[in-house]
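[1] Just to be clear, the model below is a prediction. Sequence and coordinates:
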Amino acid sequence: MYEYIKITDAELDALPPGLAGFVAYEALCRDRLRDCLRDYGQNDDETEPRQSYLTKVLSAAEHYHVPVLEEVEFEINGNYDGNYERRLFQMIEKETNKLRFQTISARKGTAVIETPQALKIEHHISQLRVRITESELEDRIKSKLYRKLDEILSILKGKPTLQATMLVIASFFTAINQAEAAIIRLPETMSAIAEIFGHAQEEAETKALEHMPQKLIEDQTEDRYDAGLSTKPKQTPRKSAPRESYDLNDDIPF
């Protein structure tokens with residue numbers, strides 16, 4: 001039987017854990033279906049590729065224990081029902097979108113900057129402050145940049161979220177662009193600071209998955225082959241940062 005919706009082993013292995021994996025898998029199948037139907041003419045029969053999509057996605061839904069979708073029974077037979085197929089497509093789209101919003105809500109605002117990261121950022125902000133002071137910028141522009149640095153430092157005092165921090169960094173970039181080119185490496189430094197927050201957000205998302213409701217957690221069993229959805233993802237232990245002897249690294253960017 002011809003395989004209309006082809007997903008490679010590499011793509012399967014790259015799927016994220018939990019229901020986020022189902023969302024990513026469905027997106028892959030939908031893209032493959034679009035690619036396949038792009039070659040079809042107006043009078044060509046699209047039934048087989050569409051059924052292939054439904055078979056793969058609903059099998060994945062059963063494997064990942066996706067609410068609602070895992071209970072759907074779909075069999076390919078000679079009695080084709082276009083209305084039923086359309087309802088299935090609509091149901092998959094609805095439930096997949098719900099999962100997207102649930103996973104976004106679970107990880108939103110969870111990035112926390114740890115002590116080593118905060119100290120490194122504070123160290124380089126102090127260097128930026130010196131460069132601003134020594135630059136030939138107008139006093140009003142210096143004051144504006146100082147305020148932006150203070151905003152970043154104030155965020156570090158609490159539990160900073162990625163969204164709040166990136167807004168401050170974006171406004172800092174705007175202030176730099178409005179100024180002159182006297183502070184040569186400020187943009188590179190702020191990019192490095194943004195990267196630190198990005199790593200913090202990545203770690204926070206991993207932790208968020210661990211605290212999601214049971215229905216939003218991957219069934220960590222040995223039967224991943226059953227649905228043809230790759231092997232159990234390899235778990236690479238994260239190294240925790242030391243709490244002493246922080247290397248602040250005077251070079252910018254860091």
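    Great, that's in hand.
[2] excluding its backbone neighbours, what's nearest residue 58?
    residue 74 (5.2 Å; Cβ to Cβ, 6 or more residues apart in numbering). All C-beta spots, glycine's among them, are computed from the backbone N, C-alpha and C.
[3] Now do the SS call for that neighbour.
    Three-state call for residue 74 (DSSP: H, G, I helix; E, B strand; the rest coil): coil.
[4] domain assignment for this protein?
    Annotated domains of the chain cover 9-107, 115-210 [automatic domain parsing].
[5] which of these has the lowest average pLDDT?
    Ranked by mean pLDDT, the domains of the chain end with domain 115-210 at the bottom, a mean of 65.
[6] which residues touch residue 7?
    Going by Cβ atoms under 8 Å, 6 or more residues apart in numbering, residue 7 touches 25, 28, 29, 32, 56.
[7] What segments of the stretch 51-200 of the chain are helices?
    Taking DSSP state H, counting those that start in this stretch, the helices of the stretch 51-200 of the chain run over residues 82-107, 115-134, 139-157, 162-178, 186-210.
[8] circling back: can I assume the residue nearest to residue 58 is in contact with residue 54?
    Yes. At 5.6 Å, residue 74 and residue 54 qualify as touching, with contact defined as Cβ atoms under 8 Å.
[9] which residues do these two both contact?
    Shared contacts of residue 74 and residue 54, counting by Cβ under 8 Å, 6+ apart, come down to residue 88.
[10] Neighbour count for these two, which is higher?
    Applying other Cβ atoms under 10 Å to residue 74 and residue 54 shows that residue 54 carries more neighbours, namely 20 against 13.
[11] Sitting in helices, which of the contacts of residue 7 do you find?
    Using DSSP state H, the members of the contacts of residue 7 that fall in helices are 25, 28, 29, 32, 56.
[12] ok, so what distance separates the second one from residue 139?
    Taken as Cβ to Cβ, to the nearest Å, the spacing of residue 28 relative to residue 139 amounts to 55 Å.
[13] How about residue 47?
    Taking Cβ to Cβ as the measure, residue 47 falls 72 Å from residue 139.
[14] between these two, which one's more packed in?
    Of the pair residue 47 and residue 139, residue 47 is the one with more neighbours under other Cβ under 10 Å, namely 12 against 7.
[15] still on that earlier bit, show me which pair in the ones in helices among the contacts of residue 7 is furthest apart.
    25 and 32 (10.8 Å; Cβ to Cβ).
[16] of these two, who's got more company?
    residue 25 (26 against 20).
[17] Of the contacts of residue 7, which is the nearest to residue 130?
    residue 28 (49.9 Å).
[18] if I pick that closest one, what's in contact with it?
    7, 11.
[19] Spell out the secondary structure type for residue 43.
    Residue 43 - assigned by three-state DSSP - is coil.
[20] Now it. Its backbone dihedrals?
    Here is the backbone geometry of residue 43 (degrees, to the nearest 10): phi -100, psi 0.
[21] and what of residue 39?
    Main-chain dihedrals, residue 39, degrees, to the nearest 10: phi -90, psi 0.
[22] Pull up the gap between it and residue 49, please.
    Counting by Cβ to Cβ, the gap from residue 39 to residue 49 is 10 Å.
[23] Those two - which one has more neighbours?
    Taking other Cβ under 10 Å, residue 39 and residue 49 do not tie; residue 49 has more neighbours (22 against 8).
[24] shouldn't the more buried one be in contact with residue 37?
    Yes. If you go by Cβ under 8 Å, residue 49 and residue 37 touch, sitting 6.3 Å apart.
[25] so what's residue 66 closest to, chain neighbours aside?
    Spatial nearest neighbour of residue 66, chain neighbours left out: residue 22 (5.5 Å); criterion: Cβ to Cβ, 6+ apart.
[26] if I pick that neighbour, what's in contact with it?
    60, 61, 64, 66, 96, 99.
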